[in-house]
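Chemist: Compute the structure for the input listed below.
(chains A, B, C, D, E and F, ligands or ions: 3)
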Amino acid sequence: MGGIDQFIHFTGFANMTWGHLIMLAVGLFFIFLAIKKNYEPLLLVPIGFGILLGNIPFMENVGLQIGIYEDGSVLNYLYFGVLKGIYPPLIFLGIGAMTDFSALISNPKLMLLGAAAQVGIFLTFLVALALGFTVDQSAAIGIIGGADGPTAIFLSSKLAPELLGAIAIAAYSYMALVPVIQPPIIKLLTSEEERKIKMKPPRAVTKLEKMLFPIVGLLLTTFISPGALPLLGMLFFGNLLKESGVTKRLADTASKPLIDIVTILLGLTVGASTQATTFLTSESILIFVLGAVSFMIATAGGVLFAKFMNLFLKEGDKLNPMIGAAGVSAVPDSARVVHSMGLKEDPSNYLLMHAMAPNVSGVIGSAVAAGILMGFLLKVL
Amino acid sequence: MGGIDQFIHFTGFANMTWGHLIMLAVGLFFIFLAIKKNYEPLLLVPIGFGILLGNIPFMENVGLQIGIYEDGSVLNYLYFGVLKGIYPPLIFLGIGAMTDFSALISNPKLMLLGAAAQVGIFLTFLVALALGFTVDQSAAIGIIGGADGPTAIFLSSKLAPELLGAIAIAAYSYMALVPVIQPPIIKLLTSEEERKIKMKPPRAVTKLEKMLFPIVGLLLTTFISPGALPLLGMLFFGNLLKESGVTKRLADTASKPLIDIVTILLGLTVGASTQATTFLTSESILIFVLGAVSFMIATAGGVLFAKFMNLFLKEGDKLNPMIGAAGVSAVPDSARVVHSMGLKEDPSNYLLMHAMAPNVSGVIGSAVAAGILMGFLLKVL
Amino acid sequence: MGGIDQFIHFTGFANMTWGHLIMLAVGLFFIFLAIKKNYEPLLLVPIGFGILLGNIPFMENVGLQIGIYEDGSVLNYLYFGVLKGIYPPLIFLGIGAMTDFSALISNPKLMLLGAAAQVGIFLTFLVALALGFTVDQSAAIGIIGGADGPTAIFLSSKLAPELLGAIAIAAYSYMALVPVIQPPIIKLLTSEEERKIKMKPPRAVTKLEKMLFPIVGLLLTTFISPGALPLLGMLFFGNLLKESGVTKRLADTASKPLIDIVTILLGLTVGASTQATTFLTSESILIFVLGAVSFMIATAGGVLFAKFMNLFLKEGDKLNPMIGAAGVSAVPDSARVVHSMGLKEDPSNYLLMHAMAPNVSGVIGSAVAAGILMGFLLKVL
Amino acid sequence: MFDQFSFSNIVENDGILITVVGYVIVFAALLFLYVFIANFQKILLFQQRKKLKDKGHRAADVDDLSISGETSAAIAMALYMEFEEAHDLESTVLTIKRVQRPYSPWSSKLYGLREYPKR
Amino acid sequence: MFDQFSFSNIVENDGILITVVGYVIVFAALLFLYVFIANFQKILLFQQRKKLKDKGHRAADVDDLSISGETSAAIAMALYMEFEEAHDLESTVLTIKRVQRPYSPWSSKLYGLREYPKR
Amino acid sequence: MFDQFSFSNIVENDGILITVVGYVIVFAALLFLYVFIANFQKILLFQQRKKLKDKGHRAADVDDLSISGETSAAIAMALYMEFEEAHDLESTVLTIKRVQRPYSPWSSKLYGLREYPKR
Ligand code: NA
Ligand code: NA
Ligand code: NA
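Modeler: Ligands and ions are numbered 1, 2, ... in the order given. Next comes the predicted model:
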């Protein structure tokens, strides 16, 4: 009966630990949230199922080629695109091909709100440093506050691949929880009066402006922060494919099959990278805490900066400071949150289009921030 | 005239052997079968044309980078996905995203038929061993009886890459020939009375059950056979994308462009891997013979087990033993074969839905078997 | 303020050179041509934007992983498919899946015009040799005259990767300029009488012929020139997927998402490969000059050979020699040019379908030529 | 090499062991799945029946809640027909398509962004 | 490791410097973009207004050429509605599809090649 | 480097040889293809004509079975029109779509599986 013994030795039951069970429960919870609560299902289903895949217990390091960290396994090959930072730019390509920057172009001063909210990244970076993380790890943890999954994955893959799983999961979790995290902070920092401010309707935007935006956007942002090139280059490339009007077929492919394929592979492998034996550490828990802090600081930063801008704007041009909260990005959830809150205060106040402007500029802002952090930390000089 | 000489030296005419001609004829025959007989055209056209590509004679090992086994050639790069076992799980992802497991869920005891038919795998494994193949090769040959192309390719790529071409071609050939192979065996093993047994119509299945199936299926099967994770993980992941109801867009992409692209690349390179100079050996012929044997044993195993189950089932609940033959998988050809035979015996006996249950469980069964064989043989301990 | 200093040191402004500015202007010009003039937008938009991406100035060789020539950058990973000659065959697969060879099948003697026009490749090869390029570089430069982007990229990647950017840009530029380059040469070499020749309408082509064409085409051309296998193998494979009638789903995927994805990646990285620091050399300029010469010779070769064929054809069967110009390929632009010129001479003379025959055979011709050049030069004997 | 049956090769490589254990495990895996699903269904059916009973439905008393044989047969027939004719006529129909909204993986609800109102 | 706040780790790694410089640059980048677009718009609006004036349009005098508040509100409302209902009913509509022509990357105008006339 | 023509570089690298042989082979390849197709057509046309004759069709006597000039011209014109207008109007039409069945690469006839009857 040696054979049965040997076999039992290899089963999941024999190799199971509490860690595996906890992570399996987490995976099931993600899938539950996605299906039942409809929180980001296109990401949480792949990530949740990936967590299951990554935490089926098996005997490691005997050449079975199953685990995501084992050479020769399928998951390991597919994980390559995460580890080398290839998937995030491809996702940005697709996002660019489906994003309309009109709201931003029609009221470009709202762009500053997208910059202001990045304060979450930098303050969290400092806190992480103070807590003893290395400078590279701290930067990767801070970027959670950028509220952009692909940006967070890209930066961690470059600076702190050992934390990639935790950072990615934290980023996507909080992005799904934006409707829970942001409202209390917004309320705390604004008066009822401010929340009722109505903004002038945005101007219509011409085709030419929409065509020029990705080109100008690329040149200005990447001249200042060349490190943002992989992300912003692809984002603006996708957007030009969409807005040029002559490459519809390419824009369609970038924004449908291409981004879907990459999303499936990225979600699944990011989920699977949370293999209990390497994932369940005090560091991971700390990263989750820091991520939440980062989101809150970012929200506050956006709101407060909007109030600050109001000091310089004449009556009638004043901003509803709530839209500052949309500067964290988490497109378009945070814009929707702001919109809902606006409607609650005054059922005739439609803030959605105004909130979309800081929302998309927050994407650019956190990519620029990622580029700067890479510039400071990645160099081998 | 040295130049002309040199050139002629490099032409296909100068490098041609009888082997090339035979394989070219085989390739043409596959294409003919696919187009004229409509046997699995989506696979036989790529494989057939791949055989042509792989058997255009050229001067090998002089750096021309043409052949599939030459470093730097396109075919070699594309073959990587076969050789490393990357394509099969991606195909299972797509298959999961288009498979409906309702028939199985509504009558789960039919699952056992899908297990029973895997006897073909194990007996052929023994015969191959006895014939002098190594234990790894024997396992890869046995898996032909699993009647699943991707599973066969996956296991051979891990255990016996040197036989991959022959095993893949054999597996797909016999899957196309299921309507020829199975009926006589089924007839031989069943009485007319048995073939006329009508089964109770299957119960309707709820959405919740369909959603839970891929999750439960993953956990149970891979805890028992972790080696099946790459295949079954992807199969059930694709199925959850389909059944969750919130990730339709991802399921669509997995089941259309993604699986198509992988099918094109897999079919072409598997075909091309049959380069005459490495393929035409007595081993290849033996593998074809063993493959046929394996299919026959599997069919018999399924039918006989159904008869065995009938011993324990009360009147009215008895199975039509023909549906056991569908347990080999070869989805859905073998289910159709059973259905047709049922109609011939009694024009009012519709067995299709009943036969689909062992049919899809046969897929799971052979993936589990592959996982177990990998567990026994792949380890480096 | 050391930090600001350090940061400024890394900006694009600090690393900018005249070369960067020139290349950025070129990139903008490409995008302008694509959008405003509608010259090959599906290629010129990606290439143009790629030129921008490749010429954002940054500090090289300090590990920032930005540039296309830096290990670990996204562009570097995506460029792999260009550098190893993987993308061009995949594009040929898609092209095959959308090309109708009927015009050629119905009047196969026009195939010779597609051969004749390849004289541009070989004469330019000689000129480049005489100018001091190495024999490998000369072959890669000559192929520009083949007027096929993927073929040019494929051959350069194998023979002269250091010139790949310049050759690819030259090839696509002149393909876009066919309507400017060809008409004066055609006029110069033909009399008004010749330009008015009407040709007999082409015969209808059966399904069987269309199905057999890719198979016969593969066997005949690659037996003669095995080096053409990667390109022609894929072209004819795609065409069989289309014409077989039983693999529509695969043909659809090959000709839509697959070719689109590859086109996006190929265009972007070929554009980015023109990084000023490696691209702006006297060699690049010379390559552009030689490319133009090559196109002109090819056009003349096609026209003159058509006149030569007319010497042997009886009255009524004579060719309109203008269609010889379509033998350069540049599908279908050069066929359209010929058609337009025919209409100008005689508004009832429709040459389009006649011109399509040499047009598509020019594709085969230049791929065969590329195969032969690889056969002569790539071998390591 | 392949002239004769060599049972020794089976023995040396634990062939019998692998075969028996392997086949048993395949059965075990699918048996587990069967048992789980069958029991899960019982719970589910129980709940369903209870719900129906609460609402006063008569169906609650029916022995099984499966679809009727006639319906099933009709469906199977239709399916079979489709199988058979599949290759000949690829029926052409006017499709009623579901409108799909774009999405973004940085947040999957980026619906409104694609077609922003211009005026 | 994480027991206490160690400000020394911040100092040693230029934490403050990176934070300040970094945040300033993010602002700078988006400020640049803002200034550029705002000025570009002025030029564009100037041209637009001139064009309208040349044609004698009254709109040229209106202070801003933006869309009206009512329109905007209606659109926003519609958008919001769509957001909310998005998950429930995936509305089914008869699509009017744009016919797409095939293309070739060796030349992107390979339109006619796919469906060549056969008779 | 590129100041002057160096014929020696051509000679040293067998330039003339490669050119002549290469060009001849390109011709040979396409000539082969031409000859094959032309002859294949003869056989095909012969069969076709025979079939028509057997059925008593008059067309069998016509010298060539090609499509008429007028038809061809009309088609070419239509094609050309489409070419020209291609960029402007991307015509919108109600599509009649072929219903596609799903398939499985473990067996390409997995049609019925996707939309299994539920009740
Ligand atoms: Na952000
Ligand atoms: Na099976
Ligand atoms: Na050509």
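
Chemist: where in chain D is pLDDT low?
Modeler: Scanning chain D for pLDDT under 70 picks out the ranges D:1-5, D:45, D:48-49, D:52-53, D:55-119.

Chemist: Now for residue A:143, how many residues are close by?
Modeler: Applying other C-beta atoms under 10 Å in any protein chain shown, we find 33 residues neighbouring residue A:143. All C-beta spots, glycine's among them, are computed from the backbone N, C-alpha and C.

Chemist: In contact with it: list those residues for me.
Modeler: Residue A:143 is in contact with A:121, A:151-152, A:155-156, A:167, A:171, A:366, A:369-370, A:373, counting by C-beta atoms under 8 Å, 6 or more residues apart in numbering or on different chains.

Chemist: Using the three-state scheme, assign the residue nearest to residue A:233 when sequence neighbours are not counted.
Modeler: Distances taken as C-beta to C-beta, 6 or more residues apart in numbering or on different chains place residue C:53 nearest to residue A:233, at 4.6 Å, with adjacent residues excluded. Secondary structure state of residue C:53, per DSSP: H, G, I helix; E, B strand; the rest coil, is helix.

Chemist: For ChimeraX, write a command that selects the buried ones of the contacts of residue A:143.
Modeler: Here is the ChimeraX command that picks out the buried ones among the contacts of residue A:143, judged by 16 or more other C-beta atoms under 10 Å in any protein chain shown:
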select /A:121,151,152,155,156,167,171,366,369,370,373
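
Chemist: Turn the contacts of residue A:143 into CSV, including distance to residue C:350.
Modeler: Formatted as CSV, the contacts of residue A:143 follow (distance: C-beta to C-beta, whole Å):
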residue, distance to residue C:350
A:121, 64
A:151, 55
A:152, 59
A:155, 59
A:156, 61
A:167, 63
A:171, 60
A:366, 57
A:369, 60
A:370, 57
A:373, 62
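
Chemist: Per-residue pLDDT of residue A:90, please?
Modeler: Listed pLDDT for residue A:90 reads 96.

Chemist: right, quick check: the helix or strand containing it against chain D, any contact?
Modeler: Counting by DSSP states H and E, the element that carries residue A:90 is helix A:87-96. Yes - using C-beta under 8 Å from any C-beta of the partner chain, helix A:87-96 reaches chain D at A:91, A:94-95.

Chemist: which of those residues lies closest to residue B:340?
Modeler: Ranked by distance to residue B:340 (C-beta to C-beta), the residues of helix A:87-96 next to chain D are led by residue A:94 at 45.4 Å.

Chemist: so which strand or helix has the closest residue to the closest one other than its chain neighbours?
Modeler: Nearest non-adjacent residue to residue A:94, counting by C-beta to C-beta, 6+ apart: residue A:259, 2.8 Å away. Taking DSSP H and E as the definition, residue A:259 sits inside helix A:259-272.

Chemist: ok, then the element right after that helix?
Modeler: Downstream of helix A:259-272, the next assigned helix or strand under DSSP H and E is helix A:276-279.

Chemist: mean confidence for that following helix?
Modeler: For helix A:276-279, the mean pLDDT works out to 81.

Chemist: So in chain A, which helix runs the longest?
Modeler: The longest helix of chain A (DSSP state H) is helix A:282-310.

Chemist: rewinding a little: pretty sure the residue nearest to residue A:233 contacts residue A:240?
Modeler: No - here residue C:53 does not reach residue A:240: they are 11.2 Å apart, not a contact under C-beta atoms under 8 Å.

Chemist: Burial check on residue D:17, number of neighbours?
Modeler: As a burial measure, residue D:17 scores 18 neighbours (other C-beta under 10 Å).
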